[in-house]
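**Q** structure here, sequence nowhere to be found:
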């Protein structure tokens, strides 16, 4: 071996050494890559996705969970409400029954009063007619008498007035009395110097009062100042 070759050989050894060092370095890098944990920042597929924000409305499962968490009506409360409703219905039925009974009693009382009123009217009419029958008999006899019948008619009228008086009928005083709008009706006014204004001068039709209640006003002429 020449000296020139000897000088070249040491120069090649470092290259071989470099090659071996490079291979060793590559082996260490490969080992590092193999030992690198999965899910690193360099691997996008291994990055865990961020937590999703809940939707405003919430899912059906969330609603069911909330519903289950809220306290519901217990069976005891339902039974208590049912019992209270039953008591209210029974009380309503009692009030309704009482109202119907009261209405029936009121109707019966009204019917009894109407029947009693009709009975009283019939009884009064019967009594009045019975008392007037003699008056009718006297009128028949007065018409049968020949000549002047004035005395018979007068006697019959007096009897008739007496019967009506027993029933509470009385004539209204008129002539010479002061005018009373409750029992008098002025049909005309007549000037008079002899009488005070408002004095009744003449009666056209007799007025009557039945049991203190006016049933017909007397039609009169009233004096007035000249």
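**A** Cool, got the structure. As the structure is a prediction and not an experimental result, all values here were calculated from the model.
**Q** could you point out the helix or strand that follows the helix ranked longest in the chain?
**A** Of all the segments of type helix in the chain, defined by DSSP state H, the longest one is helix 75-144. Proceeding C-terminally, helix 75-144 gives way to helix 150-166 as the next helix or strand, assigned by DSSP states H and E.
**Q** for that following helix, list every residue counted as buried.
**A** Of the residues in helix 150-166, 152, 156, 159-160, 163-164 count as buried by neighbour count, 16 or more other Cβ atoms under 10 Å. All C-beta atoms are positioned from the backbone trio N, CA, C, and that covers glycine.
**Q** try stretch 218-226
**A** The neighbour-count criterion (16+ other Cβ under 10 Å) identifies 218-224 as the buried residues of stretch 218-226.
**Q** now stretch 207-215
**A** 207, 209.
**Q** picking that back up, possible to save the buried residues of stretch 218-226 as JSON lines with distance to residue 177?
**A** As requested, the buried residues of stretch 218-226 are exported to JSON lines (distance: Cβ to Cβ, whole Å):
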{"residue": "218", "distance to residue 177": "9"}
{"residue": "219", "distance to residue 177": "14"}
{"residue": "220", "distance to residue 177": "9"}
{"residue": "221", "distance to residue 177": "12"}
{"residue": "222", "distance to residue 177": "11"}
{"residue": "223", "distance to residue 177": "11"}
{"residue": "224", "distance to residue 177": "16"}
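**Q** what is the nearest of these to residue 120?
**A** For residue 120, the nearest member of the buried residues of stretch 218-226 is residue 218. The distance, counting by Cβ to Cβ, is 28.9 Å.
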